[in-house]
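K.L.:
Need coordinates for the following:
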Amino acid sequence: MIILGFDTATPATAVALLDGDEVVERRHDPEPGERPGHATRLLALLAEVMAEGGVGWERVDRIAAGIGPGSFTGLRIGLATARSLAQSRALPLVGVSSLAALAEPARAQADRVVAVLDARRGEVFAAAWEGRDQVLAPVALAPEALAERLRDVGSPSLAAGDGAVRFREQLEPAGVVIPADGSPLHRLSAAWICRLGARAEAAGPGTVLPSYLREPDAHPRQRP
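P.N.:
Take a look at the predicted model:
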């Protein structure tokens with residue numbers, strides 16, 4: 001199965017092409033102070049991985065897209081692109097939890113894994129697994145509240161993601177193990193969007209919805 005997958009839940013634009021066991025990945029990580037490049041980089045990166053993989057649209061079996069939680073703007077851009085591509089190419093579309101994709105590479109290093117994304121406003125998006133059992137459903141909460149939930153759970157938790165890096169000071173006293181800041185475990189890989197997408201049940205483009213978990217930062221101005 002050949003799967004084209006991407007994620008725009010974080011500031012990074014991550015894309016991948018999975019062809020059997022072969023993976024081609026590309027990503028754009030904005031520099032400090034630079035705005036995310038989802039709108040300008042996504043389609044170009046998709047074209048790059050398809051060209052490098054030697055795959056035309058006629059060979060793609062499905063599209064997999066990260067559904068968040070994460071940036072409202074990023075998710076809107078990513079899912080709008082996924083739906084448009086799926087409809088125009090008559091391809092199945094699957095939605096993949098961005099937190100689940102972030103957690104997958106860490107499973108080789110710990111039994112209890114916590115995916116933690118920086119949600120801004122002093123909060124994180126987080127979910128946790130013990131083996132294959134989800135022990136904390138995706139939630140938005142303060143890092144101190146997450147630390148309290150993870151404290152005294154028996155086996156130590158390995159936390160991955162930019163939220164774990166930013167709130168290391170709050171999480172580590174609760175026994176949470178956080179890899180070094182530059183660890184690849186903190187970067188959401190589109191290869192795992194593809195791999196999890198291969199296991200998921202495909203759906204119509206209109207049924208794949210974003211997982212926002214909370215209200216947007218900006219609200220329309222109410223007329224008097």
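K.L.:
and stretch 184-202, C-alpha only, in PDB?
P.N.:
Written as PDB, here are the backbone C-alpha positions of stretch 184-202 (Å, rounded to 0.1, in the frame of the first residue of the first chain):
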ATOM      1  CA  PRO A 184      14.100  13.300  17.500                       C
ATOM      2  CA  LEU A 185      11.400  11.900  19.800                       C
ATOM      3  CA  HIS A 186      10.200  15.500  20.200                       C
ATOM      4  CA  ARG A 187       9.500  15.900  16.500                       C
ATOM      5  CA  LEU A 188       6.300  14.600  15.100                       C
ATOM      6  CA  SER A 189       7.100  12.400  12.100                       C
ATOM      7  CA  ALA A 190       4.800  12.100   9.100                       C
ATOM      8  CA  ALA A 191       6.100   8.600   8.600                       C
ATOM      9  CA  TRP A 192       4.100   7.600  11.600                       C
ATOM     10  CA  ILE A 193       1.100   9.400  10.200                       C
ATOM     11  CA  CYS A 194       1.400   7.100   7.200                       C
ATOM     12  CA  ARG A 195       2.000   3.900   9.300                       C
ATOM     13  CA  LEU A 196      -1.000   4.600  11.600                       C
ATOM     14  CA  GLY A 197      -3.000   5.600   8.600                       C
ATOM     15  CA  ALA A 198      -2.300   2.200   7.000                       C
ATOM     16  CA  ARG A 199      -4.000   0.600  10.000                       C
ATOM     17  CA  ALA A 200      -7.000   2.900  10.200                       C
ATOM     18  CA  GLU A 201     -10.300   2.500   8.400                       C
ATOM     19  CA  ALA A 202     -10.700   4.900   5.500                       C
END
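K.L.:
mind listing the helices in this protein by residue range?
P.N.:
Counting by DSSP state H, residue ranges of the helices within the chain are 38-53, 72-89, 98-103, 143-150, 162-166, 168-171, 190-199.
K.L.:
where's the first one relative to the chain centroid, distance-wise?
P.N.:
Centroid separation for helix 38-53 versus its chain: 17 Å, with CA atoms, centre = their mean, to the nearest Å.
K.L.:
can you give me the angle it makes with helix 72-89?
P.N.:
Interaxial angle of helix 38-53 relative to helix 72-89 (axes from the mean of the first three to the mean of the last three CA atoms, to 10 degrees): 50 degrees.
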